[in-house]
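Student: Below are the sequence and a predicted model for it; my questions follow.
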Amino acid sequence: MNYEYIVYLMALLSVILILISNNNFIENKILIILGLAFIYVLLFIFICMPIVNKVNTVEISKIRGVFSIKGKITVGLLTFGIVFIVILCIVAYVSIEAALGFNTNINITEHLVVKYKKIYLTICIFGYLVFGLTLLALRYVESKIIIPIQILFNSVEEFGRNKHYDKKKQEEIKEEFALIKTGDEIEELAIAFEKMMCQIQSYVKNLSTVTEKIQKESTELSVAKNIQSAILPKAFEAFPERKDFNIVARMNPAKEIGGDFYDFFLIDEDKLAFVIADVSGKGVPAALFMMISKTIIKNLLKSSSDIEDVVEKVNNELSENNDTFMFVTSFLGIVDLKTGIMTYVNAGHNPPLIKRNNDKFNYMNVKNNCILAIMPQAKFEKQELQLEEGDILFAYTDGVTEAMDINGDLYGAGKLRDVLNEKCTQSKDIYEIIPLIEESIDEYCIGEDQTDDVTILIFQYIG
């Protein structure tokens, strides 16, 4: 406490002035009183308005308009000590001097004068003893309360600004906390804060690791989404040069990547193959199984136009080593663009709707074969349908009909058919149908998140 040296110096000057007065080195008593008053005023000013620099450690900072703990205790104790001494000295000095000098009518012996001066000197010494004890109390309070609290405050403040301490900084803080040996709640608080600091750093480190992992997974999912989008055929105007048919499709995954898929391609100039499918599950596993299924189906359809044989081979390949028991529902078709005959196989999929020219949408009467990838060597039965000019086929996945509202009610196959007939029968452009259906689903599901992939494929035969 460097400010003590100034306090001690001023106190010493006060004692010297009192001794000078007692030994009559200066006869002017008023000068002695003024000197003492000046010293006490300097003491009070120094305590209340401390000099803040690198040497003086007194720092009465203001937090929300009030003095710090150190400032309060310092000002309180030293002010008490000085005020007590000043009052004691003034009362004693004035009383004795009044008795000795101010009343000239009183006959006072030399022995009595010496006795009065000894009493006065004893009172002064007692006063400065009180002042010294006050300084010792201040030192004790500072070492046991103020300094530990300052260490805690500085550490908490710095930790709040920067939670990412390296090991060196942690050791420095531990060394500072080791200096707090108060043996009371303050020491317990320091120990508790040190533990809390370590726990928070551990949590922050784990959180950073988890965040990095999530960001990495998000990036990987974004890449997977782009890959998935790239392997699906162009959704609009896929064959702008062809005037004998139109086909359009769209997939809206429930997550970043989905398990639904569609595909369409020309086997030759006169035959168009298409497929819409729904893989069990969602997310990355479903997306991987979806890409495998799509690749196998496309390769086999390009090598053979016997759709029944193709579906059986697809089922056998997907069933092989299928330890996760994933499966695929699918509707596959091949259209002879010259004759309009569509040959198709329904493998456990939702039945499509068909709109005959100048008629309404109705569900097709399809045979429900086994789903793919579950039963090896399963047999599938194909069907045929004669398409006429203007006929429209609407195929979809169960994400459409199983969309739910806030009450948990399904959108349903009946509502899908009604919406198609109400909003889409007059549309001559099949590219307008998908946005109308998606809008209807969104309106129905207000307040509910999408829980399943929504995929739609529409084919129009022009002939």
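Tutor: Noted; the coordinates are in hand. Numbering: from 1, shown residues only.
Student: For the stretch 101-250 of the chain, just list every one of the strands.
Tutor: 245-252 (DSSP state E, counting those that start in this stretch).
Student: For it, give me the ranges with low pLDDT.
Tutor: 101-121, 123-124, 127-128, 131, 135, 160-170, 220, 235-236 (pLDDT under 70).
Student: could you pull out the helices for it?
Tutor: 110-141, 147-161, 167-178, 185-231 (DSSP state H, counting those that start in this stretch).
Student: can you list those helices in TSV and add mean neighbour count and distance to Glu308?
Tutor: The C-beta positions use only the backbone N, C-alpha and C, and glycine is treated the same way. Putting the helices of the stretch 101-250 of the chain into TSV (neighbours: other CB atoms under 10 Å; distance: least, CB to CB, whole Å) gives the following:
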stretch	mean neighbour count	distance to Glu308
helix 110-141	15	96
helix 147-161	14	71
helix 167-178	12	69
helix 185-231	13	26
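Student: And the ones you listed: which comes nearest Ile458?
Tutor: helix 185-231 (18.9 Å; CB to CB).
Student: Tell me what angle that closest one forms with helix 147-161.
Tutor: Angle of helix 185-231 versus helix 147-161, following axes from the mean of the first three to the mean of the last three CA atoms, to 10 degrees, is 10 degrees.
Student: Turn the helices of the stretch 101-250 of the chain into a markdown table, columns for distance to Lys294.
Tutor: Below are the helices of the stretch 101-250 of the chain laid out as a markdown table (distance: least, CB to CB, whole Å):
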| stretch | distance to Lys294 |
| --- | --- |
| helix 110-141 | 79 |
| helix 147-161 | 53 |
| helix 167-178 | 52 |
| helix 185-231 | 7 |
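Student: between the ones you listed, which one is nearest to Thr329?
Tutor: Closest to Thr329 of the helices of the stretch 101-250 of the chain, according to CB to CB: helix 185-231, at 18.5 Å.
Student: Show me what that closest one is packed against.
Tutor: Counting contacts by 3 or more CB pairs under 8 Å, 6 or more residues apart in numbering; DSSP states H and E, helix 185-231 is packed against helix 147-161, helix 167-178, helix 283-303.
Student: Restrict stretch 397-415 to CA atoms and write it as CSV.
Tutor: Extracted in CSV, the C-alpha atoms of stretch 397-415 (Å, rounded to 0.1, in the frame of the first residue of the first chain):
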residue,chain,number,x,y,z
THR,A,397,-45.3,-40.3,-53.9
ASP,A,398,-47.1,-40.7,-50.5
GLY,A,399,-45.6,-37.4,-49.3
VAL,A,400,-48.5,-35.7,-51.2
THR,A,401,-51.5,-37.6,-49.7
GLU,A,402,-49.9,-38.0,-46.3
ALA,A,403,-49.3,-34.3,-45.7
MET,A,404,-50.9,-33.3,-42.4
ASP,A,405,-52.6,-30.2,-41.1
ILE,A,406,-52.3,-28.9,-37.5
ASN,A,407,-55.0,-31.3,-36.4
GLY,A,408,-53.1,-34.3,-37.7
ASP,A,409,-55.6,-34.9,-40.6
LEU,A,410,-54.1,-36.2,-43.8
TYR,A,411,-54.4,-34.4,-47.1
GLY,A,412,-55.6,-37.6,-48.6
ALA,A,413,-56.1,-39.2,-52.0
GLY,A,414,-59.7,-37.9,-52.3
LYS,A,415,-58.6,-34.2,-51.8
